[in-house]
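Asker: When you get a sec, could you give me coordinates for this:
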Amino acid sequence: MTSCGLTGGDTDSASVFISDHLVLGIGSVNAWDDGSFPDERTLTRLRHLWVALLLGAASMLWASEAAAHAIGGRDAAFVAATHGAAIGPFLYLGAKHMVTGYDHLLFLLGVIFFLRRFRDVVLYVSLFSLGHSITLLTGVLFGFGLNSSLVDAIIGLSVAYKAFDNLGGFQRLAGFRPDPRAVVFGFGLAHGLGLATKLEQLHLNREGLVANLLAFNFGVELGQIIALSVLLAVIVTARRSRTFGSMAVGANCAIMAAGFVLIGYHLSGYVWGIAS
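Answerer: I've put the predicted structure just below:
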C-alpha cells in the first residue's frame, strides 16, 4: 500500500488522532508518541506557538486585504483584451492563480492534513477538482451573476469548516461527522464559483472563450499539483516528529482562524458594497 508518511488508516481516524492531542498544553497532559510526557516549559512554548499562529494567520490575511484569487494588473488587462484562443497564456494564468490563491491552498491543506494513503489524496483532490471545474466552466459560460463577496465568504467558511472537522469538532459537539467526501465535493463547487466570479468581472470576449476556459482550468489543475506536492512534502516531514500531534492542533487552529478572518473580511465587503 502506498503511504504518505503514516501507515494504515484513513480520514475517519483523523478526528480520533487529533482528539487525543487536543487537550495538550490547554488542560490535561497527554503522552508523546514514545510514552514520555512533555514538561511545563514545553507546554508553555506550545501555548505561545498556538497564539502566534492564530495572530499570524489573521494579520497575514488582513495585510494582504484577503485578495486571495483576484485577477488584476497586467493579467486583467491581458484577459480583457484577448480575442480568440490564447491557450498558453490562460494555462499560465490558471496555474498562477492556484499557486498564489491561499484560500484554495488553506482548504486543500486541511483536506490532506490527515490523509495517510496516496489513493486517499488522489480521491479527495479529484473530488475537489471535479467540483470546482463544474462551476468554473458553467459559471463563466452561463453567467450565474453571483456576488463575489458572498461566494468568497463561503470559501472562507470552507477553510474554517475543514480545520474544525480536523480538530474533531463535529464528533465532539454533535456526535457524528458529515461525510468528508461529500463535503469536499460541495466546497469544491463553491471554490469554482469563486474562480468564475473573478473571470466574469473581466468581461471575457466570447471568441475563443471555451478553449481559453479549458486552458485556464487545466492550468489550475497544474498549479494545484505543484502546490500539493510542496504541502505533502512538509506534512510527511512533520509526521516524523514526535510532536506532530501538537503541531497539528496548532496548525489547524491557525487554518480555522484564517477561515474566520476570510469570512469576516468578505462579509464586510458585501455589506459595504466592496467587491472582493
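
Asker: what about the spatially most central residue of the chain, distance to Tyr92?
Answerer: Nearest to the mean C-alpha position of the chain, by CA atoms, centre = their mean, lies Phe107 at 1.5 Å. Plainly put, Phe107 is 23 Å away from Tyr92 if you go by CB to CB, to the nearest Å. Backbone N, C-alpha and C define where each C-beta goes, glycine included.

Asker: quick one: the closest residue to Gly208 other than its chain neighbours from Leu146, how far?
Answerer: Using CB to CB, 6 or more residues apart in numbering and skipping the chain neighbours, the partner closest in space to Gly208 is Ala85 (3.8 Å). Look at Ala85 and Leu146: by CB to CB, they are 26 Å apart.

Asker: next one: Trp272
Answerer: From Trp272 across to Leu146, the span is 18 Å (CB to CB).

Asker: Between those two, which has more neighbouring residues?
Answerer: A count of neighbours by other CB atoms under 10 Å puts Leu146 above the other of Trp272 and Leu146, at 16 against 8.

Asker: Pop out the phi and psi values for the more buried one.
Answerer: Dihedral pair for Leu146: phi -80, psi 150, per degrees, to the nearest 10.

Asker: so who does it touch?
Answerer: Leu146 makes contacts with Gly139, Leu193, Thr197, as judged by CB atoms under 8 Å, 6 or more residues apart in numbering.

Asker: Sticking with the second one, tell me its helix or strand.
Answerer: Looking back up the chat, that one is Leu193. Secondary structure from DSSP states H and E places Leu193 in helix 180-200.

Asker: what separates the helix or strand following that helix from the chain centre, distance-wise?
Answerer: Going down the chain from helix 180-200, the next helix or strand is helix 209-239, by DSSP H and E. Put simply, helix 209-239 sits 12 Å off its chain's centre (CA atoms, centre = their mean, to the nearest Å).

Asker: What residues sit buried inside helix 209-239?
Answerer: 209, 212-221, 223-224, 227-228, 231-232, 235, 239 (16 or more other CB atoms under 10 Å).

Asker: One more: stretch 108-117?
Answerer: Leu108, Leu109, Gly110, Val111, Ile112, Phe113, Phe114, Leu115, Arg116, Arg117.

Asker: Next up, identify which helix or strand the nearest residue in space to the fifth one that is not next to it in sequence is on.
Answerer: For Ile112, the nearest residue in space outside its immediate sequence neighbours is Val121; the separation is 5.7 Å by CB to CB, 6+ apart. Under the criterion of DSSP H and E, Val121 resides in helix 118-142.

Asker: any idea whether Gly145 is helix, strand or coil?
Answerer: coil (DSSP: H, G, I helix; E, B strand; the rest coil).

Asker: Show the backbone phi and psi for it.
Answerer: Per-residue torsions, Gly145: phi 70, psi 30 (degrees, to the nearest 10).

Asker: tally of neighbours for Phe90?
Answerer: Applying other CB under 10 Å, I find that Phe90 has 25 neighbouring residues.

Asker: Need the nearest residue in space to Phe244, chain neighbours excluded.
Answerer: Using CB to CB, 6+ apart and skipping residues adjacent in sequence, the residue nearest Phe244 is Ala238, 5.5 Å away.

Asker: what about that neighbour, distance to Phe114?
Answerer: 12 Å.

Asker: Need the residues touching each of those two.
Answerer: In contact with both Ala238 and Phe114: Ala248, using CB under 8 Å, 6+ apart.

Asker: elements contacting the helix holding Val121?
Answerer: helix 102-112, helix 180-200, helix 209-239 (3 or more CB pairs under 8 Å, 6 or more residues apart in numbering; DSSP states H and E).

Asker: what comes into contact with the shortest one?
Answerer: With contacts defined as CB under 8 Å, 6+ apart, helix 102-112 is touched by 66, 68-69, 98, 121, 124-125, 128, 152, 155-156, 158-159, 162-163, 165-166, 184, 187, 191, 194, 224, 227-228, 231-232, 235, 252, 255, 258-259, 262.
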